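Peer 1: Give me the fold of what follows.
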Amino acid sequence: MKLCELFKQGRTVFSCEVFPPKKTAPVDSIYKTLGGLKDIRPDFISVTFGAGGSQANQSTREIASLIENQYHIPAMAHLTCVVAGREDADRLLTELKEEGVENVLALRGDINPDYPPKTDFKYASELVAYIRERGDFGVSAACYPEGHPESPDLVSDIRHLKEKVDAGAQHLVSQLFFDNDDFFRFLERARIAGINVPIEAGIMPVLSKSSIQRMVSGCGASMPSKLTRILARYGDHPEALREAGIAYAIDQISDLIAGGVDGIHLYTMNNPDVARQIAGSISSIRTV
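Peer 2: Down below sits the predicted model:
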């Protein structure tokens, strides 16, 4: 199923993201994560694309195939410009098609100093167009509610996002954010610019003070005062922070759904227990 079809069903789409195991772990260690996620039946699961060369890329394909064919949940495989040249993209797309994976998230990707970036695709919009030309795939792209860290301003950021949609992106997934007002303002800018594809809100539960600070510094997301107080009070108490972080995420999601968001994309960090707790708390409001 193409993901864009999910947004025609009259309810809030709920999806999850997983990542391939680290090099030191076997790929089948993902079974525990997927086994936990299948019970909550997300509308689809996306699989990230590592910067670790061909082995990481192969893991993305294997996991996406597993989700699609063993768990019977639509899968979206990530593909990045910095890791995939034309030959790499052709090979992965052929393999995905053979295994019934119909959806791809096209990204520029973050540059890893240990792996020289490929240069066939400079921008995600170029990769979007390339994928659309080479197979009947549903193509998605990323968006940034507070602007991409490298964008000079929000107007330029929306202009580049429009280029991705014009190139063929049928669905957008947002980077994490913690202030819903930032997302709603972004959504208004996007719609005014003529970006009318479904836009999912990316939500990451705050479970670790150090990890969330690292993520925020990398993606440019701001920290509202409410979340800053939570980190200050509970940051050194893991269990308390986990509880408070999940409650914060549920509150965010509830407000987004009340505001008519197209979908919620949960960054699970391969933690199915947290995903299950959040999904159970919002199951009723998604269908209202």
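
Peer 1: Every contact and neighbour count from this point should use C-alpha atoms.
Peer 2: Fine.

Peer 1: Any idea how far apart the tips of stretch 107-127 sit?
Peer 2: Counting by Cα to Cα, to the nearest Å, you get 8 Å between the two ends of stretch 107-127.

Peer 1: One more: stretch 280-288?
Peer 2: Looking at stretch 280-288, the gap from its leading to its trailing residue is 15 Å under the measure Cα to Cα.

Peer 1: Please renumber the chain so that the first residue is 42 from this point on.
Peer 2: Renumbered: residue one is now 42, and that last one reads stretch 321-329.

Peer 1: who touches that stretch?
Peer 2: Contacts to stretch 321-329, defined as Cα atoms under 8 Å, 6 or more residues apart in numbering, come from residues Arg52, Thr53, Val54, Ile81, Ile291, Ile294, Ser295, Ile298.

Peer 1: could you redo the last one with a cut-off of 6 Å?
Peer 2: For stretch 321-329, the external contacting residues (Cα atoms under 6 Å, 6 or more residues apart in numbering) are Arg52, Thr53.

Peer 1: What residues of stretch 219-235 count as buried?
Peer 2: By neighbour count on 16 or more other Cα atoms under 10 Å, the buried set for stretch 219-235 is Phe219, Asp220, Asn221, Asp223, Phe224, Phe225, Phe227, Leu228, Arg230, Ala231.

Peer 1: want to try JSON lines for those, with distance to Thr89, pLDDT and secondary structure as columns?
Peer 2: Shown next, in JSON lines, are those (distance: Cα to Cα, whole Å; pLDDT from 0 to 100; DSSP: H, G, I helix; E, B strand; the rest coil):
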{"residue": "Phe219", "distance to Thr89": "21", "pLDDT": "97", "secondary structure": "coil"}
{"residue": "Asp220", "distance to Thr89": "24", "pLDDT": "97", "secondary structure": "coil"}
{"residue": "Asn221", "distance to Thr89": "24", "pLDDT": "98", "secondary structure": "helix"}
{"residue": "Asp223", "distance to Thr89": "25", "pLDDT": "97", "secondary structure": "helix"}
{"residue": "Phe224", "distance to Thr89": "23", "pLDDT": "98", "secondary structure": "helix"}
{"residue": "Phe225", "distance to Thr89": "26", "pLDDT": "98", "secondary structure": "helix"}
{"residue": "Phe227", "distance to Thr89": "24", "pLDDT": "98", "secondary structure": "helix"}
{"residue": "Leu228", "distance to Thr89": "24", "pLDDT": "98", "secondary structure": "helix"}
{"residue": "Arg230", "distance to Thr89": "27", "pLDDT": "98", "secondary structure": "helix"}
{"residue": "Ala231", "distance to Thr89": "25", "pLDDT": "98", "secondary structure": "helix"}
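
Peer 1: And Arg173, how far from Val196?
Peer 2: Where Val196 is concerned, Arg173 sits at a distance of 26 Å (Cα to Cα).

Peer 1: repeat for Glu140
Peer 2: Distance of Glu140 to Val196, given as Cα to Cα: 40 Å.

Peer 1: before we move on, what about Ala125?
Peer 2: The gap separating Ala125 from Val196 is 29 Å, by Cα to Cα.

Peer 1: More neighbours: which of those two?
Peer 2: Relative neighbour count places Ala125 above the other of Ala125 and Val196, with 26 against 14, counting by other Cα atoms under 10 Å.

Peer 1: That one and Ile104, how far apart?
Peer 2: Computed with Cα to Cα, the distance linking Ala125 and Ile104 is 18 Å.

Peer 1: what ranges do the helices span in the stretch 42-191 of the chain?
Peer 2: Counting by DSSP state H, counting those that start in this stretch, the stretch 42-191 of the chain has helices at residues 71-79, 95-110, 127-139, 165-174.

Peer 1: between those helices, which one is nearest to Asn153?
Peer 2: Checking those against Asn153 by Cα to Cα gives helix 95-110 as the closest, at 13.2 Å.
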